[in-house]
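1. sequence and predicted structure are below.
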Amino acid sequence: MTGEVTYDGAAEVTVTAGTASDAPQLTGDPGLGCHSGSDLRKAAEAAGQSELLDQFARDYPQGPHDKPQSMCPAFGSLRVGLRMKRVATVLSGSACCVYGLSFVSHFYGARRSVGYVPFNSETLVTGKLFEDIRDAVHEIADPDRYDAVVVTNLCVPTASGVPLRLLPKEINGVRIVGIDVPGFGVPTHAEAKDVLAGAMLAYARAEASAGPVPAPVGGVSDRPTVTLLGEMFPADPVMIGRMLAPMGLAAGPVVPCREWRELYAALDCGAVAAIHPFYTSAIREFQAAGRPVIGSAPVGRDGTANWLAAIGDAFGIAAGKVAEAQNAVLPAITGALSGARIDGTITLSGYEGSELLVARLLIESGADVPYVGTACPKTPWSAADADWLAAKGTKVVFRASLEDDCAAMEAIRPDLSIGTTPVVQKAKALAIPALYFTNLISARPLMGVAGAGSLAEVVRAAIAGKDRMERMRGFFEGVGTGETAGIWEGDPNLRPEYRALNLKKLEKRARAAKAEEMI
């Protein structure tokens with residue numbers, strides 16, 4: 001597809017599917033999990049999954065560790081599917097994995113069921129599992145309820161070669177999308193979002209190439225659009241749309257999308273803004289459709305000025321129009337930044353993919369940010385942000401490990417540490433104020449004027465809590481260490497380091513008993 005998308009009231013594409021007899025012989029141990037790492041990888045290669053693993057290696061290169069250090073990666077693709085209207089989700093994996101993923105999805109507000117196809121060693125090895133999945137999909141594919149059914153292989157079915165590619169591509173007008181999201185191939189849950197987003201875009205691109213497709217529910221924009229790639233705070237797309245308006249452009253859909261028809265509108269754009277730069281699979285589909293991709297984002301004054309200029313170049317817009325768009329927003333951003341100053345040293349780390357953007361905003365707000373760690377990989381679309389940060393003296397570590405993030409925090413001893421749960425936990429144990437990136441930072445507007453002052457209040461309040469952190473550390477000093485750790489190795493009474501403590505305890509008990517006798 002290289003031209004525009006053609007819309008119609010309804011359109012269906014029938015794709016010829018393979019048969020179960022084409023499936024390779026399945027092998028594997030259902031008791032294995034993502035912690036098995038190289039064992040599962042070897043099993044997957046033996047089951048004929050080398051091509052899949054090679055593609056994962058190109059799209060999502062591993063870091064210093066070969067296992068995810070965040071939550072199960074499949075949570076990312078699961079969440080994308082559960083957020084979409086008229087889309088059913090089915091998981092194929094070990095029961096413990098499915099239970100954990102279902103629990104977390106409902107903890108984060110999923111309001112629909114998660115399908116599950118159970119298996120055992122016999123059904124896995126004989127190929128019956130694939131037949132069970134196929135039967136389940138046929139049962140679920142109700143066109144009155146769903147536009148699509150997403151089937152996801154977790155670690156063990158992927159390692160065993162369960163061939164979701166052989167599922168029918170369409171049943172009763174319901175699209176069937178099969179993906180593999182193993183923890184030994186997809187390093188972060190952020191990148192798992194890309195696995196499903198890319199698979200859906202590939203399906204939608206094939207439909208658009210075959211003929212007319214349904215128009216978006218809200219209609220087709222009368223202006224050229226910029227598709228926004230990456231999950232954002234709800235106000236950010238609105239703010240971006242206002243910044244694009246002076247150039248005669250509009251903000252298009254946000255990918256991952258909330259309903260299937262938005263995929264066609266996302267493809268029917270003039271350019272793609274890779275707000276989150278790690279969506280490698282999705283970007284491949286946009287590039288195959290002939291759409292240019294722009295990195296970075298309209299964050300802070302410098303980021304907004306450069307991003308608007310890049311958008312103007314992509315659309316061939318006159319310099320005067322680009323300047324008009326810049327002048328309409330840059331003074332307000334400058335004013336917002338000056339009125340929301342942040343004083344202090346901050347280390348920042350996370351696995352959402354927006355870490356570099358947040359660091360840019362903090363620096364333009366006045367903060368010193370010597371270290372930024374992101375669990376996501378370096379890509380061409382993060383280069384501008386990495387270069388800008390490096391010029392400001394910030395060390396940026398891509399595919400940063402938990403050990404990298406903790407070491408930086410401990411060495412720098414910042415006024416504030418922004419990071420993942422274990423980083424925040426370690427910082428607070430050292431009486432360093434800390435904020436959880438996912439819940440307290442990424443859940444705020446970052447773009448344009450709204451983003452310029454959005455972080456100042458929560459960051460300044462956290463930094464001001466240093467004295468409170470010191471008092472808390474003093475109050476809990478010693479708890480969870482030594483004899484209070486709750487883990488004994490041998491008889492504590494025989495260990496020299498505990499003898500003095502035990503004597504004090506015995507003396508205290510004797511005094512209490514004597515006092516009780518006197519009463």
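-> That came in fine, so what should we check first?
2. phi, psi for residue 59 please.
-> When quoted as degrees, to the nearest 10, the phi and psi of residue 59 stand at phi -80, psi -40.
3. how close does the closest residue in space to it that isn't next to it in sequence get to residue 473?
-> For residue 59, ignoring the flanking residues on the chain, the nearest one in space by C-beta to C-beta, 6 or more residues apart in numbering is residue 280 at 4.3 Å. C-beta coordinates here come from the backbone N, C-alpha and C atoms, glycine included. Between residue 280 and residue 473 the distance, using C-beta to C-beta, to the nearest Å, works out to 42 Å.
4. re earlier: could you report the pLDDT at the residue nearest to residue 59?
-> According to the prediction, residue 280 has pLDDT 96.
5. ok, the one 4 residues further on next?
-> Model confidence at residue 284, given as pLDDT, is 97.
6. the one 3 residues further on too?
-> Per-residue confidence for residue 287 comes out at a pLDDT of 97.
7. may I see the buried residues of the strand or helix carrying it?
-> Using DSSP states H and E, residue 287 sits within helix 280-288. Applying a neighbour-count criterion of 16 or more other C-beta atoms under 10 Å, the buried positions in helix 280-288 are 280, 281, 282, 283, 284, 285, 286.
8. pLDDT weak spots in the stretch 401-519 of the chain?
-> Across the stretch 401-519 of the chain, the stretches falling below the confidence threshold (pLDDT under 70) are 480-506, 515-519.
9. now residue 436. Nearest residue, chain neighbours left out?
-> Using C-beta to C-beta, 6+ apart and skipping residues adjacent in sequence, the residue nearest residue 436 is residue 424, 5.3 Å away.
10. quick one: that neighbour and residue 432 touch, right?
-> No. Taking contacts as C-beta atoms under 8 Å, residue 424 lies outside contact range of residue 432: 9.3 Å.
11. distance of residue 130 from residue 269?
-> As judged by C-beta to C-beta, residue 130 and residue 269 stand 37 Å apart.
12. let me redo that: residue 452
-> Residue 452 sits 27 Å away from residue 269 when distances are taken as C-beta to C-beta.
13. three-state assignment of residue 373?
-> strand (DSSP: H, G, I helix; E, B strand; the rest coil).
14. what does the pLDDT read for residue 396?
-> We note a pLDDT of 97 for residue 396 in this prediction.
15. which other residues reach the strand or helix carrying it?
-> Assessed by DSSP H and E, residue 396 sits inside strand 395-398. Contacts with strand 395-398, where a contact means C-beta atoms under 8 Å, 6 or more residues apart in numbering, come from 63, 356, 359, 370-374, 376-378, 382, 386, 389-390, 404, 408.
16. just the buried residues of these.
-> Buried members of those, scored by 16+ other C-beta under 10 Å, are 63, 356, 359, 370-374, 376-378, 382, 386, 389, 404, 408.
17. list just the nearest of those to residue 274.
-> residue 382 (8.4 Å; C-beta to C-beta).
18. and the closest residue to that closest one other than its chain neighbours, how many neighbours?
-> Nearest residue to residue 382 in three dimensions, chain neighbours excluded: residue 277, at 4.0 Å (C-beta to C-beta, 6+ apart). Residues near residue 277, counting by other C-beta atoms under 10 Å, number 29.
19. can you pull the phi/psi pair for residue 277?
-> Main-chain torsions, residue 277, degrees, to the nearest 10: phi -80, psi 0.
20. surely it touches residue 294?
-> No. Taking C-beta under 8 Å as the definition, residue 277 is not a contact partner of residue 294, at 10.3 Å.
21. name the residues contacting each of the two.
-> Taking C-beta under 8 Å, 6+ apart as the contact rule, the neighbours common to residue 277 and residue 294 are residue 381.
22. lowest-pLDDT helix or strand in this structure?
-> Least confident helix or strand, the chain: strand 7-8 with a mean of 60, by mean pLDDT, DSSP states H and E.
23. pull the CA atoms of whatever helix or strand comes next after that one into CSV?
-> Reading on from strand 7-8 to the C-terminus, the next helix or strand found by DSSP H and E is helix 38-46. Listed in CSV are the C-alpha atoms of helix 38-46, where the atom choice follows Å, rounded to 0.1, in the frame of the first residue of the first chain:
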residue,chain,number,x,y,z
SER,A,38,18.1,-20.0,27.3
ASP,A,39,16.4,-23.4,27.8
LEU,A,40,13.2,-22.1,26.3
ARG,A,41,15.1,-20.4,23.5
LYS,A,42,16.8,-23.6,22.6
ALA,A,43,13.4,-25.5,22.7
ALA,A,44,11.9,-22.8,20.4
GLU,A,45,14.7,-23.2,17.9
ALA,A,46,14.3,-26.9,17.9
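24. and what about the residue nearest to residue 399 when sequence neighbours are not counted, helix, strand or coil?
-> Distances taken as C-beta to C-beta, 6+ apart place residue 63 nearest to residue 399, at 3.0 Å, with adjacent residues excluded. In the three-state summary, residue 63 is assigned as coil, counting by three-state DSSP.
25. which residues touch residue 63?
-> Residues in contact with residue 63, defined by C-beta under 8 Å, 6+ apart, are 187, 375, 377, 398, 399, 400, 401.
26. isn't the last one up against residue 64?
-> Yes. Contact between residue 401 and residue 64 holds when scored by C-beta under 8 Å: they sit 5.2 Å apart.
27. which one of the two is surrounded by more residues?
-> Shown here are residue 401 and residue 64; by other C-beta under 10 Å, residue 401 has more neighbours (16 against 11).
28. tell me the contacts of the residue most central in space within the chain?
-> Residue closest to the average C-alpha location in the chain (C-alpha atoms, centre = their mean): residue 190, at 2.2 Å. For residue 190, the residues meeting the contact criterion (C-beta under 8 Å, 6+ apart) are 76, 276, 278, 351, 352, 353, 375, 376.
29. check the gap between it and residue 40 for me.
-> As defined by C-beta to C-beta, residue 190 lies at a distance of 21 Å from residue 40.
30. pLDDT below threshold where in the protein?
-> Across the chain, residues meeting the criterion (pLDDT under 70) sit at 1-4, 7-38, 65-67, 480-506, 515-519.
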